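Q: Show me how the following folds:
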Amino acid sequence: MYKMSIKPVGSGRKKRSRGIYEMELEGMLREKKKMNGEPYSEQSIKSFINSVVKLSSIFLGKAEVMVNLQWLEDTKKIIHFVENTENEQHYKYSLASKLAFYQSIIICLGATGMTEQTILQPYWEQRDMINLARMTHYNEKKSFDTTNGKNQTNVLNDISPADIHAMVANMDTLSFNDDKELINRKLFMISQIIKLHTQFPWRNDLADVKVVYSKTYEKKVKDGTDKDFNWLILDKQYTFVINHFKTSKKYHKIIAKVEDIDLKRSLKQWLLVGMPEEVDDQYLFTWDDGRQLSRNNISVLLSAETKKFLKKSISTTLLCKIFDETPGNIEDMTIEQYNKLKEQSRIRGHDPKTRISIYRNPNNK
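A: As a prediction, the model looks like this:
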């Protein structure tokens, strides 16, 4: 564990003399522009330099004068230092201090012309995780004392992913007779919808999904009709292309591959026994007479059927929360967990901050 000593500051403290490289860095920061093309303020430039110099004096030692930023290229060592350094009172850096360090590192490295993503990416990820943690602190002070909020809390307290998996296994068993013949198509269809939502945190977007072979999809792309529906493209790799979803104006399209072997096997079975013989360009889920399911139909079917098995109604939104993998304590989130959070957010069609504030399951450990 790293320790840093903090000496008491007296009224006679002398102004720190600036090094040559600090002044050079200041000039580079004045040349650097924000994303919107505006220059950084003098106060911001001063703050960036002070943070990097402070980190330098603690990390490199006060006897070593900072002459470049090459020491920041050892990202693992720097991040470990920032995350674990304690003062003499055994306090680690606050979220605000960590954020200031990472933001200053990113800005200063950028000002020197650093573009190597393998160096910048770890700092970006640490900065973004801290922003999420800070936002969570604010959000958790809010009260959501509503009927819907209480109902959701009750479900999340009582229903686990294992309960959902057990339920769909039971649904599958009841959907077939002893000769493995389908006897309850609706129940088997509902189990498929729920299985998909254990992997893909969508809303009711499956209502607009059509099955299509890859060659047919390529033709639709060429003639411009590929945006008309959501798709499950059949090839060696099953791939969902979601065009119609709540935030499509911002995120345009969601592409998600079916990588879970059991889910792919289950989908194959549905295509074989639950759909017409010719599946190309047909809706994935329909009523027995072939009519398309509406988004509201999916809500009603899930609510009614899950209540029979679990005594509680489960919606696609609740499935999103039940299978959320964001840890309850955001400050302890690992890079692997953060990347999983980003992927779940991408598939849902929102940013990680939205997932943290709205869809995170507080019961996660």
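
Q: Which parts of the stretch 151-300 of the chain are helices?
A: Along the stretch 151-300 of the chain, the stretches classed as helices by DSSP state H, counting those that start in this stretch are 161-175, 185-199, 214-223, 248-251, 261-273, 295-310.

Q: Return the helix or strand in this protein with minimum mean pLDDT.
A: Across the helices and strands of the chain, mean pLDDT, DSSP states H and E gives its lowest value to helix 352-354, namely a mean of 66.

Q: Going by residue numbers, what spans are strands in the stretch 201-350 of the chain?
A: With DSSP state E, counting those that start in this stretch, the ranges of strands along the stretch 201-350 of the chain come out as 209-213, 230-234, 239-242, 254-257, 282-283.

Q: Show me what the third one is packed against.
A: Going back to what we said before, that points to strand 239-242. Applying 3 or more Cβ pairs under 8 Å, 6 or more residues apart in numbering; DSSP states H and E, one finds that strand 239-242 contacts strand 230-234, strand 254-257. Quick note: C-beta positions are derived from backbone N, CA and C, even for glycine.

Q: residues contacting the residue nearest to Q344 when sequence neighbours are not counted?
A: Distances taken as Cβ to Cβ, 6 or more residues apart in numbering put P201 closest to Q344, at 5.6 Å, once the chain neighbours are dropped. By Cβ atoms under 8 Å, 6 or more residues apart in numbering, the contact list for P201 reads 319-320, 323-324, 344, 347-348, 359.

Q: Save these as CSV, and put in pLDDT, neighbour count and distance to A162 too.
A: Below are these laid out as CSV (pLDDT from 0 to 100; neighbours: other Cβ atoms under 10 Å; distance: Cβ to Cβ, whole Å):
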residue, pLDDT, neighbour count, distance to A162
L319, 92, 23, 14
C320, 87, 22, 17
F323, 88, 17, 11
D324, 82, 23, 15
Q344, 76, 21, 19
I347, 80, 19, 22
R348, 81, 24, 22
Y359, 55, 18, 20
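
Q: out of those residues, which one sits closest to T216?
A: I347 (23.8 Å; Cβ to Cβ).

Q: Wait, that closest one touches R203, no?
A: No: I347 is not in contact with R203 according to Cβ atoms under 8 Å; the separation is 11.2 Å.
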